[in-house]
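*Asks:* The sequence and its predicted three-dimensional model are supplied below.
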Amino acid sequence: MNPLTPLTFAACAVAVTLIADSVWVSAGMLTVAACLALFYPTPSRRPFLVSLGMGGPAFIGFLLMYAPFGQHSGWFIFTTDGTRIALELGLKFMTAAAVGLTIGSFVHLDQLMRVLQTRLPARLVYVLGSTFRLYPMARARLETIKQVQITRGVDVTGIRGTMLLILPLIVGLVDDAAQRARPLQRAGFGEAGPRTVLRPVGDRPAERVLRLAAVAGVVAVGVCAGVGII
């Protein structure tokens, strides 16, 4: 599958969830994300669970902002209409995060960079790729540094132990960036001109049609929301 296909689906699903002012749409999208996490646990289950965890603070925040300030009294300081609005907004936020992260987890990062390499400026592609790769690179290097410190008998627990890991991590990441800059410069990374890919990613006509259909669906939902149908 071309990485632009799940990326487009993820963006369109988030857009539909936010545009449609409907609890049923949010519930349906959340069900889709749950089904993907159930039947395709790798790689979608962990992002789905993370999005559910993000929903807890969102619900609490919306309750504090809206629940006490409605027009109809309810229980304690919470009003019925304010609580309803808070719950709807919390569900919408959690659903948007769930469908975005769950469907987006099917995007193959290396293939996406290869696709974008021929469509976007080289510097922008490099910035995007470095940003996406920063967290896994930093996590792997931090684990290596931690193991080295443990073998040396250094206590890595607590605030002091954490500080002993941060400085080598920062220095290592900066050194990695410097090491990558040299071969990129020799390869003419900053030179103008078209780019080619040794192993291009396939893009079937059916996938292009599906992506256009997804975008058209978002436009249709926007029109329906504008006229008050949903």
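*Replies:* Perfect, I can see it now. Numbering: from 1, shown residues only.
*Asks:* Okay, now the unreliable bits of the protein?
*Replies:* Applying pLDDT under 70 to the chain flags the ranges 182-191, 193, 230.
*Asks:* All the strands of it, residue numbers only.
*Replies:* Listed in chain order, the strands of the chain (DSSP state E) span 73-75, 78-79.
*Asks:* Dump those into TSV; add distance to Glu143 and mean neighbour count as well.
*Replies:* (Glycine included, C-beta is placed from N, CA and C.) Shown next, in TSV, are those (distance: least, C-beta to C-beta, whole Å; neighbours: other C-beta atoms under 10 Å):
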stretch	distance to Glu143	mean neighbour count
strand 73-75	48	12
strand 78-79	45	18
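*Asks:* Using a markdown table, lay out these together with distance to Cys35.
*Replies:* Below are those laid out as a markdown table (distance: least, C-beta to C-beta, whole Å):
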| stretch | distance to Cys35 |
| --- | --- |
| strand 73-75 | 34 |
| strand 78-79 | 33 |
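*Asks:* quick one: which of these is nearest Ser51?
*Replies:* Taking C-beta to C-beta, strand 78-79 is the member of those nearest to Ser51, at 25.5 Å.
*Asks:* Partner strands of that closest one and their direction?
*Replies:* strand 73-75 (antiparallel) (DSSP bridges).
*Asks:* Leu49 is nearest to which of the strands of the chain?
*Replies:* strand 78-79 (28.3 Å).
*Asks:* okay, which residue is most central for the chain?
*Replies:* By C-alpha atoms, centre = their mean, the chain has its centre lying nearest to Leu101, at 4.7 Å.
*Asks:* give the contact list for it.
*Replies:* Going by C-beta atoms under 8 Å, 6 or more residues apart in numbering, Leu101 touches Pro47, Phe48, Val50, Ser51.
*Asks:* Please report which of those residues has the highest neighbour count.
*Replies:* In terms of neighbour count, Phe48 stands highest of the contacts of Leu101 at 25 neighbours, by other C-beta atoms under 10 Å.
*Asks:* As JSON lines, the contacts of Leu101 with distance to Gly202 would be great.
*Replies:* Shown next, in JSON lines, are the contacts of Leu101 (distance: C-beta to C-beta, whole Å):
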{"residue": "Pro47", "distance to Gly202": "25"}
{"residue": "Phe48", "distance to Gly202": "28"}
{"residue": "Val50", "distance to Gly202": "30"}
{"residue": "Ser51", "distance to Gly202": "30"}
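*Asks:* And the residues you listed, which is closest to Ala220?
*Replies:* When the contacts of Leu101 are compared against Ala220 (criterion: C-beta to C-beta), the nearest one is Ser51, at 25.4 Å.
*Asks:* any idea how far the spatially closest residue to Leu49 that is not a sequence neighbour lies from Tyr66?
*Replies:* Spatially, and ignoring its direct neighbours in sequence, Leu49 is nearest to Ala37 (7.5 Å; C-beta to C-beta, 6 or more residues apart in numbering). As judged by C-beta to C-beta, to the nearest Å, Ala37 and Tyr66 stand 29 Å apart.
*Asks:* do the same with Val227
*Replies:* In terms of C-beta to C-beta, Val227 sits 26 Å off from Tyr66.
*Asks:* Settle it for me: which of these two has more neighbours?
*Replies:* Higher neighbour count among Val227 and Tyr66: Tyr66, with 21 against 7, using other C-beta under 10 Å.
*Asks:* quick one, what contacts that one?
*Replies:* Gly82, Thr83, Ile85, Ala86, Leu89.
*Asks:* Leaving out sequence neighbours, find the closest residue to it.
*Replies:* Using C-beta to C-beta, 6+ apart, the closest residue to Tyr66 is Ala86 (4.2 Å).
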